[in-house]
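[1] Build me a model from this:
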Amino acid sequence: MQGTVRALFVAPKKKSGMTSVMQVEAAQTGFAGDFHSAGPSSRQILMISNSVLEEYELSPGSLSENMVVDGLDVMRFDSGQRLQIGQAVLEVLGPCDPCSQMDRIRNGLKQTLVGKRGRFAKVVTAGVIRVGDAIKL
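    Have a look, this model is predicted:
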């Protein structure tokens, strides 16, 4: 089973909004240029399935995700599972619970996204990830 990277995003500063990028360096602490990679964090990279964004008519990047995935349901990934994406290897962590920020986007979105918000991942092997790269389980 294989998917592809549809979109990549970084947030240079907290609450700065997401910046779309065509490629990103996945470093040991997360995506280069993303404020979450500045120090130790359990939230290195947040992945979401494009099908969720389409279901709720949301634009890629609007939920503060770092990676949008086509062709795979990220919620079906197992914790500890490894993904080869471009030159990098990521390890899947736990699910992301929707926070109150979701209701700022649309009233009731927090509750709607329970079990669909995406999953966190950490970098195991650093490398470049590009939009269009295959995601190999």
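
[2] Listing request: residues of this structure with sub-threshold pLDDT.
    1, 39-42 (pLDDT under 70).

[3] start to end distance for stretch 60-79?
    24 Å (CA to CA, to the nearest Å).

[4] Could you list the buried residues of that stretch?
    60-69, 72, 74-75, 77 (16 or more other CB atoms under 10 Å). Using the backbone N, CA and C atoms, a C-beta is placed for each residue, glycine as well.

[5] Check which helix or strand Val89 maps to.
    strand 88-95 (DSSP states H and E).

[6] Which elements pack onto the next helix or strand after that strand?
    Using DSSP H and E, the helix or strand that directly follows strand 88-95 along the chain is helix 101-105. Packing contacts for helix 101-105, counted by 3 or more CB pairs under 8 Å, 6 or more residues apart in numbering; DSSP states H and E, involve helix 109-112.

[7] Run through the neighbouring helices and strands of the helix it packs on.
    Counting by 3+ CB pairs under 8 Å, 6+ apart, helix 109-112 packs on helix 101-105.

[8] distance between the helix it packs on and the chain's centre?
    Relative to the mean C-alpha coordinate of its chain, helix 101-105 is positioned 17 Å out (CA atoms, centre = their mean, to the nearest Å).

[9] CA atoms only: put that helix into PDB for me.
    Provided in PDB are the C-alpha atoms of helix 101-105 (Å, rounded to 0.1, in the frame of the first residue of the first chain):
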ATOM      1  CA  GLN A 101      -8.500  26.100  17.700                       C
ATOM      2  CA  MET A 102     -10.700  24.000  15.400                       C
ATOM      3  CA  ASP A 103     -13.800  25.800  16.500                       C
ATOM      4  CA  ARG A 104     -12.200  29.100  15.500                       C
ATOM      5  CA  ILE A 105     -12.100  27.700  12.000                       C
END
